[in-house]
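S.K.: model this:
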Amino acid sequence: MDSSTKKKLIVALFVIFLLLRLFISAPFRLTADSLKFLELSGNFPQHTLYNGQLYLQHPPLYPYLIHFISLLFNDDYIAAILISLLSACITFFVLYKLFMLLTNDFKVTFAVLLFFTLSVEFVATAYKPVRESFMVMAILSTVYFYAKGVKLNDKES
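M.R.: Next up, the predicted model:
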């Protein structure tokens, strides 16, 4: 299989990936963690909840990211959904790079990406204001940079 065919297959799979995440309709209720993250992003520098006391059970990275993105949209809910969707898109390409690095086999990598694209749980987390998509992206990025550093003896990774 030549390089242009591989690129076309990945682009087609990514379009399917986006369509599944952008045009899905399912009811969603804000749960305790989602509400806490939205409240923590609203109380940006203090990292406090409703009662004004410091809240240390959740680290501040995700709520602070919601806060900075919400400066563009003036809505914490939209900012959290955008972070989930962008995190899912980044995870798609990190998975591609990771499995091409580990296996150097396009068929295996395409199969993994196909399972990731069609996974019901990952589709559901990409359009909800939850941190799972962001955490999966962070963990897989860490694994990729570690594997790249070990395999290629790359000191920058």
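S.K.: only C-alpha atoms from now on, for both contacts and neighbour counts.
M.R.: Will do.
S.K.: in the protein, where's the longest helix?
M.R.: Longest helix of the chain, by residue count under DSSP state H: helix 76-103.
S.K.: right, and Tyr96 touches Ala111 too?
M.R.: No. Look at Tyr96 against Ala111 with CA atoms under 8 Å: they stay out of range, at 10.3 Å.
S.K.: ok so, going back, run the chain-centre distance for the longest helix of the chain.
M.R.: 4 Å (CA atoms, centre = their mean, to the nearest Å).
S.K.: what about that helix, average pLDDT?
M.R.: The pLDDT scores in helix 76-103 average 93.
S.K.: can you pull the contacts of His47?
M.R.: Residues in contact with His47 (CA atoms under 8 Å, 6 or more residues apart in numbering) are Leu40, Ser41, Leu54, Tyr55, Pro60.
S.K.: at 7 Å instead, please
M.R.: Residues near His47 by CA atoms under 7 Å, 6 or more residues apart in numbering: Leu40, Leu54, Tyr55, Pro60.
S.K.: identify the farthest-apart pair in those residues.
M.R.: Pairwise distances across these (CA to CA) peak at 11.0 Å, for the pair Leu54 and Pro60.
S.K.: between those two, who's got more neighbours?
M.R.: Pro60 (17 against 12; other CA atoms under 10 Å).
S.K.: so what pLDDT did the more buried one get?
M.R.: 81.
S.K.: with adjacent residues omitted, what lies nearest to it?
M.R.: In space, and not counting its chain neighbours, Pro60 is closest to His47: 7.0 Å by CA to CA, 6 or more residues apart in numbering.
S.K.: ok, that neighbour to Gln53 distance?
M.R.: Distance, His47 to Gln53, by CA to CA, to the nearest Å: 8 Å.
S.K.: what's the answer for Val150, then?
M.R.: As for Val150, its distance to Gln53 is 43 Å (criterion: CA to CA).
S.K.: so what pLDDT did the nearest residue to Ile78 once chain neighbours are set aside get?
M.R.: Leaving out its chain neighbours, the residue that sits closest to Ile78 by CA to CA, 6+ apart is Ser70, at 7.4 Å. Looking at Ser70, its pLDDT stands at 90.
S.K.: in the chain, what helix or strand scores lowest on average pLDDT?
M.R.: The helix or strand of the chain with the lowest confidence, counting by mean pLDDT, DSSP states H and E, is helix 32-42 at a mean of 80.
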